[in-house]
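Student: predicted model and sequence follow; I will ask about them next.
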Amino acid sequence: MAKESVVITGGAGFLGSHLCDKFINEGFRVVCVDNLITGNSNNIAHLAGNEDFLFIKHDITNYIFIPGEVHYILHFASPASPIDYLKLPIQTLKVGALGTHNVLGLAKEKNARILLASTSEVYGDPDVHPQKEDYWGNVNPIGPRGVYDEAKRFAEAITMAYNRYHSVDTRIVRIFNTYGPRMRPDDGRALPTFTMQALRNENITVFGDGSQTRSFCYVTDLIDGIYKLLFSDEINPVNIGNPDEITIKEFAEEVINLTGSKGKIVFEELPLNDPQVRQPDIEKAKRLLNWIPTVSRVEGLKTTIEYFKSLL
């Protein structure tokens, strides 16, 4: 019996490469599409030579041609950290708009189910806490973060339009802060920044007074949730993340303790529109997918710290 085929855009990125591994391990044929603008071929190098794995270097804001049958598409192509989308604002908007349009067209052509990687950033700087899927968000469309927030909000809107008007089989995951091996050490997010600073015994730079909160989900938990969502019947957005909330200052202290760093915490000015709180309400994922995160932050951090040590 022929294996089912999965296309993963952004497949050489942090999350995309873990998805490639997951689907290979589950017995699928995987086509990884990435232009390597923020992805890294090292993330998928171990799959080279696997007869069920194909890498296509391509910018999905241009027309996509994939030969043969495609059963599933996971659209994960996009810069995803503030440092990336502030440096690549036009590319971020284009992949959210033109790229999503192109992959939805591919899904329609191939009669494939498509899962869109959306983000907790669609909630902006939320005035509802924790964030539930029925909250519409508080986003500044013309602020520096708007290029990412609005690209993802548009991507959700066009995905639902294709579902309603073209009967394309769609799923939407709203991903909250995720961490683990294959994160880029220089991607500008709190966890890799703090960890690399701590491992180098440098001072840990915390923005604002460190009272803003985040909720960190280990990558294997996230991938498990995404996999379950793809094969569920839910077409409306589903939050996948770990609701274990922590302040950024407490998190910095945790990283210092786990690394044994000699660095001290120093405070810098808070970036514009930086969310003050971030915590997923995952009741929907629990109910519909029978999914909860299982990896504790300390356990996940130890593995991630070892990965970053290997890069030094």
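Tutor: Noted; the coordinates are in hand.

Student: can you give me the helices for the stretch 201-312 of the chain?
Tutor: 219-230, 248-259, 283-289, 297-311 (DSSP state H, counting those that start in this stretch).

Student: quick one: those as TSV, columns for mean pLDDT, mean neighbour count and distance to Cys32 too.
Tutor: From N, CA and C alone the C-beta is placed, and that goes for glycine too. Below are the helices of the stretch 201-312 of the chain laid out as TSV (pLDDT from 0 to 100; neighbours: other C-beta atoms under 10 Å; distance: least, C-beta to C-beta, whole Å):
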stretch	mean pLDDT	mean neighbour count	distance to Cys32
helix 219-230	98	20	15
helix 248-259	94	19	31
helix 283-289	98	16	25
helix 297-311	96	15	21
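
Student: could you save those as JSON lines and add columns showing distance to Gln276?
Tutor: What follows is the helices of the stretch 201-312 of the chain, written out as JSON lines (distance: least, C-beta to C-beta, whole Å):
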{"stretch": "helix 219-230", "distance to Gln276": "23"}
{"stretch": "helix 248-259", "distance to Gln276": "10"}
{"stretch": "helix 283-289", "distance to Gln276": "22"}
{"stretch": "helix 297-311", "distance to Gln276": "20"}
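
Student: what stretches of this protein score poorly on pLDDT?
Tutor: Nowhere does the chain drop to pLDDT under 70.

Student: what segments of the stretch 1-150 of the chain are helices?
Tutor: 14-25, 82-87, 89-94, 100-110, 146-166.

Student: list of residues touching the longest one?
Tutor: Under the criterion C-beta atoms under 8 Å, 6 or more residues apart in numbering, residues 75, 78-80, 82, 85-86, 89-90, 92-93, 95-97, 100-101, 104, 107-108, 114, 116, 118-119, 121-122, 124, 137, 139-141, 168-170, 172, 235, 237, 273 lie in contact with helix 146-166.

Student: mind redoing it with 6 Å?
Tutor: 85, 89, 92-93, 96-97, 100, 104, 108, 116, 118-119, 121-122, 139-141, 168, 170, 172, 235 (C-beta atoms under 6 Å, 6 or more residues apart in numbering).
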